[in-house]
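Colleague: Sequence first, predicted model second:
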Amino acid sequence: MEKFVFIFGPQAVGKMTVGQELASITGLKLFHNHMTIDLLEPLFGFSPEMWHLTTTFRREIFRTFSTSEQYGMIFTKVWYFDKQEDWDEIESICEIFREQGVEIYFVELEADVEERLFRNKTPHRLENKPTKRNVVQSEQNLLDSVENRRLNSLEGEISVKNYLRIDNTNMDALEAALIIKKEFVL
């Protein structure tokens, strides 16, 4: 059965890097959220048009992938728990996969702000995410979200069957990926 692993958490928590490690040890394909953002931002900036196309591209990729012969996909995204439209978007994404009988897994990452600020500047992150290369702006966005948004769930808020929460403050990406692989038998 095809798999859909949704990795979420705050900025610079390690979603993409954990996803890369998980892809390398499972054969799942990684589709991290900056793959569409970084494609469209140079053309449209962070505009309504860019976000519309990002959503459209992602939905088409999910629809096509969900009917493919692939083993499965890992998708990463920041989930704004205080925004209903994020809840709706995630439900819509999951429904695309559910309609095809795909098994869905939720992985929530959390880490201390100090560790996230460190990770925000790593060469690996900056190499893979061009829109994060303005480190001052990226760091300010991260700090603003700590003050004004809720980017991790509350206890019991996520009630799906396959859910795992990992505090990866003091672990490397491969260690987190191995926990996910073992927990969900991927």
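Modeller: Great, that's in hand.

Colleague: Now do stretch 149-162, average pLDDT.
Modeller: Here stretch 149-162 scores 95 as its mean pLDDT.

Colleague: Start and end of it, how far apart?
Modeller: 25 Å (Cα to Cα, to the nearest Å).

Colleague: now it, how far from the chain's geometric center?
Modeller: Centroid separation for stretch 149-162 versus its chain: 14 Å, with Cα atoms, centre = their mean, to the nearest Å.

Colleague: Give the buried residues for it.
Modeller: Burial within stretch 149-162, assessed by neighbour count using 16 or more other Cβ atoms under 10 Å, is assigned to 151, 152, 153. C-beta here means a position set from N, CA and C on the backbone, and glycine is covered the same way.

Colleague: between those, which is closest to residue 102?
Modeller: residue 153 (22.0 Å; Cβ to Cβ).

Colleague: who's in contact with the closest one?
Modeller: 79, 81, 108, 165 (Cβ atoms under 8 Å, 6 or more residues apart in numbering).

Colleague: let's see it at 6 Å
Modeller: By Cβ atoms under 6 Å, 6 or more residues apart in numbering, the residues touching residue 153 are residue 81.

Colleague: looking at this, it is in a strand?
Modeller: No - assignment of residue 153 by DSSP: H, G, I helix; E, B strand; the rest coil gives coil, placing it outside any strand.
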